[in-house]
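In: compute the structure for the input listed below.
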Amino acid sequence: MGDERPPEVNGTAVAKKTTGEAPVTIKKYANRRLYNTATSSYVTLDHLCQMVKNGEDFVVYDAKTGDDITRSVLTQIIFEEEGKGQNLLPIRFLRQLIRFYGDQLQGVLPNYLELSMESFSKNQEQVKSVITEAFSGKNPLRTFEEMARQNFSLFERAIRAFPPFAALRVATGEGGAPGELPPPPPPGAEGEISALRAQIESMQRQLDGIARKTEGDKSSDAE
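Out: Numbers count the residues shown, from 1 in each chain. Down below sits the predicted model:
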């Protein structure tokens, strides 16, 4: 990966089928060109976008430093697609996302978003059914409630995977187990919202406690 010069490609390269066992390696050179090592050919962001849509995994490395820049390239693909007018990211969502940088919940959000997107992808047919029912005049409320319950379950899983809460769940203190989460929400939208609010408040209290303990430890070390 240390060679800055792109490998020579003579003629048209024959694409190699990927087995899915290992992601395709893409190298990005100083001239900003992308090289697919599996097909021995240069590719564009449009090609990589199509690979993602086809379910083909790939990783992108900086040809000079060897750094993994996959996240940066995927973000660039999203930027390019948004620029074409295919807006999937609402402005309000983008603003909320920006606010989470540096926030105490920053560690929870990535896992939650990943789980939510996986759930949405697996339930595409269910979502299409909801849209069809809405346009046909039927009441899709039950489907929405079920999806809301699933969404809350994903949020709970994201919190449990967050390291501080994973540790707190097994620790006990005064007044019971401080790491325990609120009980599952009752059916219905109002119950989901109330339980989510309680969940966030519980997280905030526990994070504040962790912060105070950390500050106390630093003060003790300083003395």
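In: show me where pLDDT drops low in the chain?
Out: Low-confidence segments of the chain (pLDDT under 70): 1-21, 127, 130-131, 133-223.
In: now stretch 105-118 - C-alpha only, PDB.
Out: Extracted in PDB, the C-alpha atoms of stretch 105-118 (Å, rounded to 0.1, in the frame of the first residue of the first chain):
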ATOM      1  CA  LEU A 105     -25.000  10.100  24.000                       C
ATOM      2  CA  GLN A 106     -22.600  10.100  21.100                       C
ATOM      3  CA  GLY A 107     -21.500   6.600  22.100                       C
ATOM      4  CA  VAL A 108     -25.000   5.200  22.000                       C
ATOM      5  CA  LEU A 109     -26.200   6.800  18.700                       C
ATOM      6  CA  PRO A 110     -24.000   4.900  16.100                       C
ATOM      7  CA  ASN A 111     -25.100   1.500  17.400                       C
ATOM      8  CA  TYR A 112     -28.800   2.600  17.500                       C
ATOM      9  CA  LEU A 113     -28.700   4.000  14.000                       C
ATOM     10  CA  GLU A 114     -27.000   0.800  12.700                       C
ATOM     11  CA  LEU A 115     -29.600  -1.400  14.400                       C
ATOM     12  CA  SER A 116     -32.500   0.800  13.200                       C
ATOM     13  CA  MET A 117     -31.200   0.700   9.600                       C
ATOM     14  CA  GLU A 118     -30.800  -3.100   9.700                       C
END
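In: name the helices or strands packed onto the strand or helix carrying H47?
Out: Under the criterion of DSSP states H and E, H47 resides in helix 45-53. Judged by 3 or more C-beta pairs under 8 Å, 6 or more residues apart in numbering; DSSP states H and E, the packing partners of helix 45-53 are strand 34-36, strand 58-62, helix 70-83. (Glycine included, C-beta is placed from N, CA and C.)
In: pipe these into TSV and attach distance to L45 per row.
Out: Formatted as TSV, the helices and strands packed on helix 45-53 follow (distance: least, C-beta to C-beta, whole Å):
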stretch	distance to L45
strand 34-36	8
strand 58-62	11
helix 70-83	5
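In: F100: which of those is closest?
Out: Closest of these to F100 is helix 70-83, at 15.6 Å (criterion: C-beta to C-beta).
In: show residues contacting that closest one.
Out: Outside helix 70-83, the residues that touch it by C-beta atoms under 8 Å, 6 or more residues apart in numbering are 26, 28, 34, 45-46, 48-49, 52, 58-60, 88-89.
In: can you lay out the residues you listed as CSV showing neighbour count and distance to E80?
Out: Listed next are the contacts of helix 70-83 as CSV, based on neighbours: other C-beta atoms under 10 Å; distance: C-beta to C-beta, whole Å:
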residue, neighbour count, distance to E80
I26, 22, 16
K28, 19, 15
L34, 20, 13
L45, 15, 6
D46, 11, 8
L48, 23, 10
C49, 15, 8
V52, 12, 12
F58, 21, 16
V59, 14, 19
V60, 23, 15
L88, 8, 12
L89, 12, 13
